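# coordinates for the following, if possible.
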Amino acid sequence: MRWIALVAAFSVVAACDTPTDTAPKPAPTTTKSTVSRLSVDQATKRLGPIKRRMEPIAESECRARTSGANCDFRISVDQRRDVPANAYQSVDSNGRPQITFTAALISDVQNDHELAFVMGHEAAHHIAGHLNRQQADAAAGALIVGVLAGLAGANAATLDAAMDAGALVGSRAYSKNYELEADRLGTVITKKSGYDPVRGAQYFTRIPDPGNVFLGTHPPNNQRIQTVRQTAAKM
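Sure, this is the predicted structure:
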């Protein structure tokens, strides 16, 4: 059962040294770039043709697979300079889904297929509702561990720490599954847009492999590549 898994996971966390920072950290997106770093303007220009081709496909898949979700994607380049290679999905204050790339990531990809796959993957996170699901997972973890700590007689400070740890465990409990879900749907979006998701997934061969780490945020790279290949072969 879900609460048993969370309690077991919390027991492992509690047995470790107390971390100095309990906030979840994303896995490194790539190694240090060996290519010339594009400026924000250059990165925006390179992203443009792929965005124009993929955005209507992503929005169509969003409308077909959701009910009442905001499917008006805003795809842009992070305006900050010298931020690490990354791409992420978020939602603005009006509920509009955002897909943001850093210039470093756009500099690092070797072809349009890789950039398209990353875009499809991030769009898939929104379509699958992963942000809301992860927030619910964190809340459930905090509640379960908080109740257990309260029953054990924890004081206020210990209770707060326990709930923080429970939220961390809860937020990561299904994180790998969410990434694989996004890889599968991202493969569909990428291929329907006319790009090759199998070539796109080669990006995973050049970034650090997180391995199969307990409570890690991302699955092993070879598992992700295999997921993309299997999904593409069925289309």
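
# where along the protein do the strands fall?
74-77, 87-91, 97-101 (DSSP state E).

# what's the burial count for F204?
Counted with other C-beta atoms under 10 Å, residues neighbouring F204 total 19. Backbone N, C-alpha and C define where each C-beta goes, glycine included.

# next one: the residue lying closest to it once chain neighbours are set aside relative to I57, how far apart?
Distance criterion C-beta to C-beta, 6 or more residues apart in numbering; nearest residue to F204, sequence neighbours excluded, is N221 at 4.1 Å. According to C-beta to C-beta, to the nearest Å, N221 and I57 sit 25 Å apart.

# again with I106
I106 is 20 Å from I57, where distance means C-beta to C-beta.

# so for these two, which sits in the more crowded spot?
I106 (25 against 21).

# thinking again about what came up before, tell me which of the strands of the chain sits most buried.
Comparing the strands of the chain by mean neighbour count (mean count of other C-beta atoms under 10 Å), strand 97-101 ranks first with a mean of 21.

# helices and strands around it, which ones?
Secondary-structure packing of strand 97-101 (3 or more C-beta pairs under 8 Å, 6 or more residues apart in numbering; DSSP states H and E): strand 74-77, strand 87-91, helix 112-127.

# note down every partner strand of the second one and its orientation.
Spelled out, that is strand 87-91. strand 97-101 (antiparallel) (DSSP bridges).

# ok and the partner strand relative to helix 112-127, angle-wise?
Per axes from the mean of the first three to the mean of the last three C-alpha atoms, to 10 degrees, the angle that strand 97-101 makes with helix 112-127 is 150 degrees.

# using CSV, write down the CA coordinates of strand 97-101.
Taking Å, rounded to 0.1, in the frame of the first residue of the first chain, the C-alpha atoms of strand 97-101 are listed here in CSV:
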residue,chain,number,x,y,z
PRO,A,97,1.7,26.0,-19.2
GLN,A,98,5.3,27.1,-19.8
ILE,A,99,8.1,25.2,-21.4
THR,A,100,11.4,26.9,-20.8
PHE,A,101,14.8,26.1,-22.3
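
# what sits up against that strand?
Contact with strand 97-101 is made by 43, 47, 70-78, 86-92, 118-119, 122-123, 126, as judged by C-beta atoms under 8 Å, 6 or more residues apart in numbering.

# if we go to 7 Å?
Residues outside strand 97-101 that contact it (C-beta atoms under 7 Å, 6 or more residues apart in numbering): 43, 47, 70, 73-78, 87-92, 119, 122-123, 126.

# returning to that earlier point: with distance to K192 and mean pLDDT added, can I get the strands of the chain in a markdown table?
Putting the strands of the chain into a markdown table (distance: least, C-beta to C-beta, whole Å; pLDDT from 0 to 100) gives the following:
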| stretch | distance to K192 | mean pLDDT |
| --- | --- | --- |
| strand 74-77 | 16 | 97 |
| strand 87-91 | 19 | 92 |
| strand 97-101 | 17 | 96 |
